[in-house]
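Sequence first, then the predicted structure:
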Amino acid sequence: MNEIELLLERWANFYLITSAAAATLIGLLFVVITLAAERRVGDVAKIRVYLTPTVIYLASVLEVAALLTFPNHTRLTAALCICLVGVAGLIYSGFRLVGDKKSYDEWYDLIPHAGFPFAAHGLLVFGGVLLLHDAQRGLTFVAVGMLSLLMIGIRNSWSIAIGVVSIRSGRH
């Protein structure tokens with residue numbers, strides 16, 4: 001086994017836990033979507049503005065964890081996998097931050113739904129690049145980025161769930 005394979009093996013439990021948490025939250029968001037569709041019949045498009053980014057950020061955690069569990073990684077392949085997800089997340093959250101301001105109810109919704117995820121994806125890219133020079137530190141930055149995205153997903157999921165259940169149902 002090469003050095004990166006040994007390090008990734010040591011991180012395997014972390015990837016298992018974070019990917020399970022992210023997958024569970026994605027599943028729970030489908031329940032929220034169902035509740036939202038029933039309660040806010042005319043406002044489903046507005047809910048999508050908040051749900052889609054959260055699902056994408058949680059899926060980023062799941063994707064990094066899945067990609068890093070592939071066998072026979074080299075430093076380069078592991079760094080490319082991490083940077084691929086990180087750059088895609090930077091582009092998506094950057095677009096949300098800069099180009100999609102009108103979709104949000106208030107300007108301060110941009111911070112947890114686009115600003116923090118932009119920084120977390122930046123940590124993924126930085127960790128992927130650092131992995132080429134110092135594998136342990138690179139994987140630590142990747143872990144911080146993944147945990148940040150997971151915490152952002154939890155916070156945004158909670159906010160969405162509270163918003164959906166606090167609205168009275170449109171049914172009589």
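That came through fine. Computed from a prediction, not measured in an experiment: that's the story for all the values here.

Correct me if wrong: A78 contacts L130.
No. Checked against CB atoms under 8 Å, the pair A78 and L130 is beyond contact range at 11.5 Å. Quick note: C-beta positions are derived from backbone N, CA and C, even for glycine.

Which residues in stretch 11-22 does the neighbour count mark as buried?
Within stretch 11-22, the residues scored as buried using 16 or more other CB atoms under 10 Å are 11, 14-15, 18-19, 21-22.

after the helix or strand of the chain with the lowest mean pLDDT comes which helix or strand?
Lowest by mean pLDDT, DSSP states H and E among the helices and strands of the chain is helix 110, with a mean of 74. Counting by DSSP states H and E, the next helix or strand C-terminal to helix 110 is helix 116-131.

Residues contacting that next one, please?
4, 53, 57, 60, 64, 75, 78-83, 85-87, 89-90, 93-94, 96-97, 137-146, 148-149, 152 (CB atoms under 8 Å, 6 or more residues apart in numbering).

Next: stretch 86-103.
Taking CB under 8 Å, 6+ apart as the rule, stretch 86-103 contacts 49, 53, 56-57, 60, 107, 110, 113-115, 117-118, 120-125, 127-128, 145, 149.

What is the three-state secondary structure of H73?
Classification of H73 by DSSP: H, G, I helix; E, B strand; the rest coil places it in coil.

Pull up the gap between it and I4, please.
Between H73 and I4 the computed distance is 5 Å (CB to CB, to the nearest Å).

E3 contacts G138, doesn't it?
No. Using CB under 8 Å, E3 is not in contact with G138, being 11.8 Å away.

Contacts only, for V85.
V85 neighbours (CB under 8 Å, 6+ apart): 60, 63-64, 67, 121, 124.

buried set for the one helix or strand G86 maps to?
Assigned by DSSP H and E, G86 falls within helix 75-99. Using 16+ other CB under 10 Å as the test for burial, helix 75-99 gives 75, 78-86, 89-90, 92-93, 96-97.

For the chain, which helix extends over the most residues?
helix 135-165 (DSSP state H).

Show the pLDDT at E5.
At E5, the model reports a pLDDT of 89.
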